[in-house]
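In: coordinates only, sequence not included:
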């Protein structure tokens, strides 16, 4: 088992390069004669043939120029033995609180020691893509010890995405008075596309994602404002619609909806400087998306998409653009399979400042995305040689990044 990945010193590329599948893979290194001031030396990191012949709506929407981190850093395994971890968040003292798909939470210490499962969590449905999903600490956790999490909940009508909260006990062995505060109805007798990420906005409201549950019968609900599926939702800590939501007071629209037209969003993060909400979501075969989320906006699924059905035919009418439907800032084809995301605000690797880090599942790497003026201008693949399905990522108070994988590893990613 490889416990450490050292990334060699290479030049960062921030320029735009045309898509060319004949370019060498940008992770293979650069020619020693490369001009360090040349910002277009690295080809796009994706070299595989796309699933479709769909064309981007604008230059730089996919297969942007490759980038290279110049600072030597490493990705080191600090813990193993987690059971299908799904969400990770740093505690104020630098330890890490982690959810496991089967319904447990554990605390990992800086030296990789794992706690016993924390008791008191409501039962979860673990079938398929269900389970215990994303989590977030209350902004006032240091004083109130409240934790919020998303999970697949059982109801007589089927399963659904739900949000719960509980107070972490002083001995950290249980959650006190844990309760469900929101259920994203309608329920569905299926086990796919729950969404499941959760963040707090600057007003202290909960923002979280729901999937459209995948099946053809539920897919159209992503466009239905009277359903909570395929949405970004914004609620209070008590599960009520948050003040200022775009559909409050509108007929046949749920007041908790913030944005809609999403497929299976598993990444949410606020930009540390602009405060903008960014989201990643899974497409079908191709068409994984990076979106800047705005209140009341329709992000198009399943009416428009850059992906195709798994069996190879078109999704719906097979269109990628339509008036009134928002384009993704960036998309991947073939897929990245984007799960958890975080922005880097640390000081350890200055060139990563405000970069977005996206966990890739089937792509088995972490994507480093460089943004400028709300456009992607560079992409780098990290930890690809580890062969892991990266599920979620967070930054610790020490400025390092911490990532979990489906196989139960916890990585620390920091300056070497």
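Out: Right, received. Where do you want to start? Keep in mind the model is a prediction, meaning the values are calculated, not measured. Residues are numbered from 1 along each chain as shown.
In: where exactly do the strands run in the stretch 51-200 of the chain?
Out: Along the stretch 51-200 of the chain, counting by DSSP state E, counting those that start in this stretch, strands occupy 73-79, 85-90, 96-100, 104-108, 132-137, 146-155, 158-168, 175-188, 198-200.
In: what residues does the second one touch?
Out: Going back to what we said before, that points to strand 85-90. Applying CB atoms under 8 Å, 6 or more residues apart in numbering, the external contacts of strand 85-90 come out as 96-101, 131-137, 149-150, 196-197, 340, 391-397, 402-406, 408, 410. Any C-beta I mention is one placed from the backbone N, CA and C, and that applies to glycine too.
In: Filter these down to just the buried residues.
Out: 96-101, 131-137, 149-150, 196-197, 340, 391-396, 402-406, 408, 410 (16 or more other CB atoms under 10 Å).
In: Contact partners for residue 345?
Out: By CB under 8 Å, 6+ apart, the contact list for residue 345 reads 272, 353-354, 395.
In: make it 7 Å
Out: Residues in contact with residue 345 (CB atoms under 7 Å, 6 or more residues apart in numbering) are 272, 395.
In: Sticking with it, tell me its helix or strand.
Out: Of the helices and strands defined by DSSP states H and E, none includes residue 345.
In: any idea which helix or strand carries the one residue sitting closest to the centre of the chain?
Out: Centroid-nearest residue in the chain: residue 267, 2.0 Å away (criterion: CA atoms, centre = their mean). Residue 267 is part of strand 265-270 when elements are defined by DSSP H and E.
In: hmm, who's touching that strand?
Out: So strand 265-270 is in contact with 195-197, 199, 207, 209, 211, 232, 276-282, 338-343, 358, going by CB under 7 Å, 6+ apart.
In: Sheet-wise, list the partners of that strand with their directions.
Out: Paired neighbours of strand 265-270 in the sheet (DSSP bridges): strand 277-281 (antiparallel).
In: Whatever helix or strand comes next after the partner strand to strand 277-281, inter-axis angle?
Out: For strand 277-281, the succeeding helix or strand toward the C-terminus, using DSSP H and E, is strand 288-293. Put simply, strand 288-293 runs at 160 degrees to strand 277-281, going by axes from the mean of the first three to the mean of the last three CA atoms, to 10 degrees.
In: mind listing what strand 288-293 pairs with, with the direction of each?
Out: strand 277-281 (antiparallel), strand 330-332 (antiparallel).
In: what's next to it, contact-wise?
Out: 232, 259, 276-283, 299, 328-332, 335-338, 374.
In: now do 8 Å
Out: Contact partners of strand 288-293, identified using CB under 8 Å, 6+ apart, comprise 232, 258-259, 276-283, 299, 306-307, 326, 328-333, 335-338, 356, 358, 369, 374, 376.
In: buried subset of the residues you listed?
Out: By neighbour count, with 16+ other CB under 10 Å, the contacts of strand 288-293 hold 232, 258-259, 277-283, 299, 306-307, 326, 328-333, 335-338, 356, 358, 369, 376 as buried.
In: Residue 235 is in contact with residue 184, correct?
Out: No. The criterion here is CB atoms under 8 Å, and residue 184 misses it with residue 235 at 10.3 Å.
In: These two: who's more crowded?
Out: The residue with more neighbours, out of residue 184 and residue 235, is residue 184; 26 against 20, by other CB atoms under 10 Å.
In: Make TSV out of the strands paired with strand 288-293 and add distance to residue 294.
Out: What follows is the strands paired with strand 288-293, written out as TSV (distance: least, CB to CB, whole Å):
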stretch	distance to residue 294
strand 277-281	8
strand 330-332	16
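In: Identify the residue nearest residue 413 in space, chain neighbours excluded?
Out: In this structure, residue 413 finds its nearest non-sequential neighbour in residue 401, 4.1 Å apart by CB to CB, 6 or more residues apart in numbering.
In: Looks to me like residue 351 is in a helix.
Out: Yes. Counting by DSSP: H, G, I helix; E, B strand; the rest coil, residue 351 is found in a helix.
In: That one: how many residues sit nearby?
Out: Neighbour count for residue 351, taken as other CB under 10 Å: 15.
In: Residue 272 versus that one, what's the distance?
Out: Distance of residue 351 to residue 272, computed by CB to CB, to the nearest Å: 15 Å.
In: How about residue 80?
Out: Plainly put, residue 80 is 31 Å away from residue 272 if you go by CB to CB.
In: Residue 412 versus the residue nearest to the centre of the chain, what's the distance?
Out: Distance, residue 267 to residue 412, by CB to CB: 20 Å.
In: repeat for residue 311
Out: 41 Å.
In: Quick check: which element contains the nearest residue to residue 93 once chain neighbours are set aside?
Out: Leaving aside its sequence neighbours, residue 93 sits nearest to residue 397 (CB to CB, 6+ apart; 7.8 Å). For residue 397, there is no enclosing helix or strand under DSSP H and E.
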